[in-house]
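Asker: Structure here, sequence nowhere to be found:
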């Protein structure tokens, strides 16, 4: 363009046209050159911008993929044909407690000695998909995984496998609890039901006309029917509490009168064994709770303290306020061996099964107390010395703290 401009200017000057023609022609050519230069720069700029956008998009995609994989709860492990790890996410790295550094580029045999994991990946490398492989790990705690492994085939002929570890520890625990619950319910119902059926058959066979035994048999039938009724009521109550279907109507409660009402309701049972129940709660004591549910919790604890106490023993109810409001029920019974304390609030768990059934217990009372305390935002605990006595304590959030929270 510069050469063309020079030629035009030279021709104009030699041919003698007016000077303005040469200047105009020169400006025209320079304009074309400048426009072409801008066009080329623009084109170059578009190419560069396109390449930059492509790079940015690729980097974003990689970051998004890495973030997605590392946020997965399921462990993801990819190996090559030599059983060497080529890719993994955070969840997969936490599966192998014996490895402190990165697991990538390491052979699978270096990471685990679990034959189930190795065999599943080996079969996948050979082209066989494996699903539903149960894998257990025991460090730092026992965990159960459902492993799915699928083969990978690349276009260049290389082979590998990808495995996904689904953590089913909680599901297995819930399944075990369900099985234990069904087993316990069946056992608890079978005992009184067997007695009812046997006595009904005895009455039908002729004992109905026996004035010495018929009323006694009927009383036993009534007692066992009432036991079954209490058991079913407790099961339904506990299920409703655990499902969150129980709505608490919390309010400020004068604790001493409530405890006095409970003591009056169990006075006959206590008097039968000469057990003294003392209300040591201060007259000024107030708690913030659902009155009906608090009465249910304390009735259960006081009733247990009477049932499992010594004859002529004592039961005392006390209150203490601190970070939490603490209501304690203490007895002078035989106490509970320490190895039972951790499981005492489990459903159907009994320290002395025969005595508990004889006293009419369903095995669900303490579980109900525990869940009701948690529903209030509190907790229940137990302390016991074998041969000396036991103390249960319900901890509830303080009145001022709960009121402030509700106002917010």
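Answerer: Yep, it's here. Here the structure is a predicted model, which means the values were calculated and not measured. Numbering: from 1, shown residues only.

Asker: residue boundaries of the helices in the stretch 1-150 of the chain?
Answerer: 2-15, 19-71, 90-93, 108-111, 115-125 (DSSP state H, counting those that start in this stretch).

Asker: how much space between the nearest residue to residue 129 once chain neighbours are set aside and residue 77?
Answerer: Distance criterion CB to CB, 6 or more residues apart in numbering; nearest residue to residue 129, sequence neighbours excluded, is residue 150 at 5.0 Å. Heads up, the C-betas are built off the backbone N, CA and C, glycines and all. As for residue 150, its distance to residue 77 is 12 Å (criterion: CB to CB, to the nearest Å).

Asker: who has more neighbours, these two?
Answerer: Per other CB atoms under 10 Å, whichever of residue 150 and residue 77 has more neighbours is residue 77, with 26 against 13.

Asker: So that one sits against residue 162, correct?
Answerer: Yes: with contact defined as CB atoms under 8 Å, residue 77 counts as touching residue 162 (7.2 Å).

Asker: so which helix or strand takes in the closest residue to residue 154 other than its chain neighbours?
Answerer: Nearest non-adjacent residue to residue 154, counting by CB to CB, 6+ apart: residue 160, 7.6 Å away. For residue 160, the enclosing helix or strand under DSSP states H and E is strand 159-167.

Asker: joint contacts of residue 150 and residue 77?
Answerer: Common neighbours of residue 150 and residue 77 are listed as 162, 163 (criterion: CB atoms under 8 Å, 6 or more residues apart in numbering).

Asker: What strands flank the strand holding residue 160, and is each parallel or antiparallel?
Answerer: Paired neighbours of strand 159-167 in the sheet (DSSP bridges): strand 75-80 (antiparallel), strand 143-153 (antiparallel).

Asker: Mean pLDDT and distance to residue 294 for the ones you listed - can I get that in CSV?
Answerer: As requested, those are arranged in CSV below (pLDDT from 0 to 100; distance: least, CB to CB, whole Å):
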stretch, mean pLDDT, distance to residue 294
strand 75-80, 88, 45
strand 143-153, 88, 39
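
Asker: Packed most tightly, which of the ones you listed would that be?
Answerer: Neighbour counts (mean count of other CB atoms under 10 Å) averaged over each of the strands paired with strand 159-167 peak at strand 75-80, with a mean of 21.

Asker: between that one and helix 115-125, how many degrees?
Answerer: Orientation note: strand 75-80 sits at an angle of 50 degrees relative to helix 115-125 (axes from the mean of the first three to the mean of the last three CA atoms, to 10 degrees).

Asker: Mind telling me what element residue 306 is part of?
Answerer: With elements taken from DSSP H and E, the one containing residue 306 is helix 291-307.

Asker: actually residue 192, not the one I typed
Answerer: Using DSSP H and E, the secondary-structure element containing residue 192 is helix 169-204.

Asker: Check the offset of that helix from the chain's centre.
Answerer: For helix 169-204, the gap between its own C-alpha mean and the chain's C-alpha mean amounts to 27 Å (CA atoms, centre = their mean, to the nearest Å).

Asker: Please name every helix or strand in contact with it.
Answerer: When contacts are defined as 3 or more CB pairs under 8 Å, 6 or more residues apart in numbering; DSSP states H and E, helix 169-204 packs onto strand 143-153, helix 214-242.

Asker: Worst mean pLDDT among these?
Answerer: Averaging pLDDT over each of the helices and strands packed on helix 169-204 singles out helix 214-242 as the lowest, with a mean of 85.

Asker: tell me the pLDDT at residue 33?
Answerer: Predicted confidence (pLDDT) at residue 33: the value is 44.

Asker: go on, the one 4 residues further on?
Answerer: Residue 37 is assigned a pLDDT of 47 by the prediction.

Asker: And for residue 404?
Answerer: Predicted confidence (pLDDT) for residue 404: 44.

Asker: Number the residues from 117 up from this point.
Answerer: Sure, I'll start numbering at 117, so the last one becomes residue 520.

Asker: picking that back up, please point out which parts of the strand holding residue 276 sit buried.
Answerer: Along strand 275-283, the positions that meet the burial threshold by neighbour count (16 or more other CB atoms under 10 Å) are 275, 276, 277, 278, 279, 280, 281, 283.

Asker: roughly how far apart are the nearest residue to the last one once chain neighbours are set aside and residue 338?
Answerer: Translated: residue 283. Among residues not flanking residue 283 along the chain, residue 261 sits closest, at 5.8 Å (CB to CB, 6+ apart). From residue 261 over to residue 338 the distance is 52 Å, taken as CB to CB.

Asker: Ok, residue 391 next?
Answerer: As defined by CB to CB, residue 391 lies at a distance of 26 Å from residue 338.

Asker: One more: residue 278?
Answerer: For residue 278, the distance to residue 338 (CB to CB) stands at 65 Å.

Asker: Residue 404 now?
Answerer: 41 Å.

Asker: re earlier: weakest of the helices of the stretch 117-266 of the chain by average pLDDT?
Answerer: Within those, the least confident segment by mean pLDDT turns out to be helix 118-131, at a mean of 45.

Asker: How is this protein partitioned into domains?
Answerer: Per the record's domain assignment (automatic domain parsing), the chain is made up of the domains 118-184, 189-283, 286-359, 362-523.

Asker: and the third one, how far from the chain's centre?
Answerer: Taking CA atoms, centre = their mean, one finds domain 286-359 lying 32 Å from the centre of the chain it belongs to.

Asker: What is the burial count for residue 390?
Answerer: By the other CB under 10 Å criterion, the neighbourhood of residue 390 contains 10 residues.
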